[in-house]
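Q: Give me coordinates for this.
(chains A and B)
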Amino acid sequence: AQRVTQPEKLLSVFKGAPVELKCNYSYSGSPELFWYVQYSRQRLQLLLRHISRESIKGFTADLNKGETSFHLKKPFAQEEDSAMYYCALQGGTSYGKLTFGQGTILTVHP
Amino acid sequence: NAGVMQNPRHLVRRRGQEARLRCSPVKGHSHVYWYRQLPEEGLKFMVYLQKENIIDESGMPKERFSAEFPKEGPSILRIQQVVRGDSAAYFCASSSGGGHSGNTIYFGEGSWLTVV
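A: The predicted structure is shown next:
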């Protein structure tokens, strides 16, 4: 069974502070991991995927298979980063069937 | 590219009525997915469709829910005889391929169903 856990429902930081949104997963095979962001009732947008190993808007995430984690990090948070962040897993060949975590609401204070 | 378009954005239905949610995928996309987000929960997969075919409906409730993606027109998620527990945000997503690496899944803005 696939499971994604985001232990923090709410996360608050001040502008310029580092931020880390935690994501742990459970999957027996080789998963594909994603981070999606949703700004204030807008559509979910793909932020990054582990397979491309890129940095978007200053965010990075490294897949740690040993700890089954895919934490999202940014060294200096900006106010415009305030949003809901979802970690998602796609297992094996299960096409677009994503398993989402419950989401973390990030608030960046000025 | 207008992206995934969902309508209505907000829908209020009385218990026992029917709700129809429409989804127009990104132009050229033939793969559509529906997800449901209950209050205080994450998004949960409901169904995956390609044109005129249901590929995976493992996340669909067994009764009252149905989905279609006809050859022409939008995908429709239909909920018959709605109950209060159906109140949720319903997200549609689409991709050009089957969601494998390289095929990004694009989401719509969601349709919020409220059952009173």
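
Q: ok, which residues in chain A are in contact with chain B?
A: A:4, A:6, A:32, A:36, A:41-46, A:51, A:86, A:90, A:93-103 (Cβ under 8 Å from any Cβ of the partner chain). Every residue, glycine included, has its C-beta placed from N, CA and C.

Q: In strands, which of these fall?
A: If you go by DSSP state E, the residues of chain A next to chain B have A:4, A:32, A:36, A:45-46, A:86, A:90, A:98-100 in strands.

Q: now, which of those residues sits nearest B:Lys71?
A: B:Lys71 has its nearest neighbour among these in A:Leu98, at 26.0 Å by Cβ to Cβ.

Q: surely the closest one meets A:Leu89?
A: Yes - contact criterion Cβ atoms under 8 Å: A:Leu98 and A:Leu89 qualify, at 6.8 Å.

Q: Run a quick neighbour tally on B:His29.
A: Other residues near B:His29 number 18, with proximity taken as other Cβ atoms under 10 Å in any protein chain shown.

Q: for it, what are its contacts?
A: Contact criterion Cβ atoms under 8 Å, 6 or more residues apart in numbering or on different chains gives B:94-96, B:106 as the residues in contact with B:His29.

Q: From A:Lys9, how far off is B:Phe45?
A: Noted for B:Phe45: a distance of 21 Å to A:Lys9, by Cβ to Cβ, to the nearest Å.

Q: Which one's more surrounded, the two?
A: B:Phe45 (21 against 10).

Q: what's across from the residue minimising distance to the centre of chain B in the sheet?
A: In chain B, the residue lying closest to the centroid (Cα atoms, centre = their mean) is B:Trp34, at 3.4 Å. Beta-bridge partners for B:Trp34, by DSSP bridges, are B:Val47, B:Cys92.

Q: what bits of chain A have low per-residue confidence?
A: A:92-95 (pLDDT under 70).

Q: For chain B, what's its nearest residue on it.
A: Nearest residue of chain A to chain B, counting by Cβ to the nearest Cβ: A:Gly96, 3.0 Å away.

Q: quick one: that residue from B:Tyr106, how far?
A: 10 Å.

Q: any residues in contact with both of the two?
A: B:93, B:95.

Q: Who has more neighbours out of the two?
A: Set A:Gly96 next to B:Tyr106 and count neighbours by other Cβ under 10 Å: A:Gly96 wins out with 23 against 19.

Q: Surely that one touches B:Ser30?
A: No - judged on Cβ under 8 Å, A:Gly96 makes no contact with B:Ser30 at a distance of 11.8 Å.

Q: Might you enumerate the residues of chain B proximal to chain A?
A: Neighbours of chain A within chain B, by Cβ under 8 Å from any Cβ: B:3-4, B:31, B:33, B:35, B:40-45, B:48, B:55-56, B:91, B:93, B:95, B:98-101, B:103-110.
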